[in-house]
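[1] Sharing a model prediction with you, sequence too.
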Amino acid sequence: MSNTIFVLNGPNLNMLGKREPGIYGGKTLADIEAECKAAGADLGLSVDFRQSNHEGLLVDWLHEASDKAAGVAINAGAYTHTSVALHDAIRAIGIPVVEVHISNIHAREQFRHKSMIAPATKGMICGFGPQSYILALHALKTLTQ
Ligand code: CA2
């Protein structure tokens, strides 16, 4: 059994740390990647961390994860609120998927309250800043062992 966890990131997350620090904090996505890899190593997990601004590539990576990974943590960015394609891809793969958000999407604009992917995931962790990713890795450790 693989000990690899794919951590997938959607649109605009490559801008973290460069704009909107009041909402998302000052860490860059590279900082979060380093923290995920360190936390993964402590948990005995190998973290494959990726970001794309393209919905279809995120779908491709979910399919790839079903062959190569034990589980997935996904911050789908704004596609969270719109993407039937990501919902379907998550349902199509036979490994646990945990939804992650840096901000508390329920405390923000109404259009962010609805997640299209949430019903297809094991669960959602949101609102804990970059720590949301680490909490998702702990959840995936439990779900995959
Ligand atoms: O809170 C989260 O993690 C989000 O998934 C972040 C998305 C947002 O669309 C979701 O509603 C919640 C946004 C990604 C980052 O966007 C930035 C925009 C400007 C500057 C820095 C980041």
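    Alright, I've got the coordinates.
[2] The lowest-mean-pLDDT helix or strand in the chain: what's the following helix or strand?
    Sorted by mean pLDDT, DSSP states H and E, the helices and strands of the chain end with helix 21-24, the least confident at a mean of 90. Next helix or strand after helix 21-24 toward the C-terminus (DSSP states H and E): helix 29-43.
[3] Give me the residues contacting that following helix.
    5, 7, 9, 13-14, 16-17, 46-47, 49, 51, 130, 133-134, 137-138, 141 (CB atoms under 8 Å, 6 or more residues apart in numbering). (Glycine included, C-beta is placed from N, CA and C.)
[4] Run through the residues of the chain sitting next to the ligand.
    Residues of the chain lying near the ligand by CB under 6 Å from any ligand atom: 12-13, 15-16, 19-20, 24, 75, 77-78, 80, 101-103, 105, 112.
[5] CA atoms only for stretch 47-54, dumped as PDB, please.
    Only the C-alpha atoms of stretch 47-54 are listed here, as PDB (Å, rounded to 0.1, in the frame of the first residue of the first chain):
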ATOM      1  CA  VAL A  47       3.600  14.300   0.400                       C
ATOM      2  CA  ASP A  48       3.300  15.000  -3.300                       C
ATOM      3  CA  PHE A  49       2.300  18.700  -3.300                       C
ATOM      4  CA  ARG A  50       0.900  20.300  -6.500                       C
ATOM      5  CA  GLN A  51      -0.900  23.500  -7.700                       C
ATOM      6  CA  SER A  52      -2.700  24.300 -10.900                       C
ATOM      7  CA  ASN A  53      -4.900  27.100 -12.100                       C
ATOM      8  CA  HIS A  54      -6.600  24.700 -14.600                       C
END
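[6] To which secondary structure element is Leu143 assigned?
    Element membership of Leu143 [criterion: DSSP H and E] is helix 131-144.
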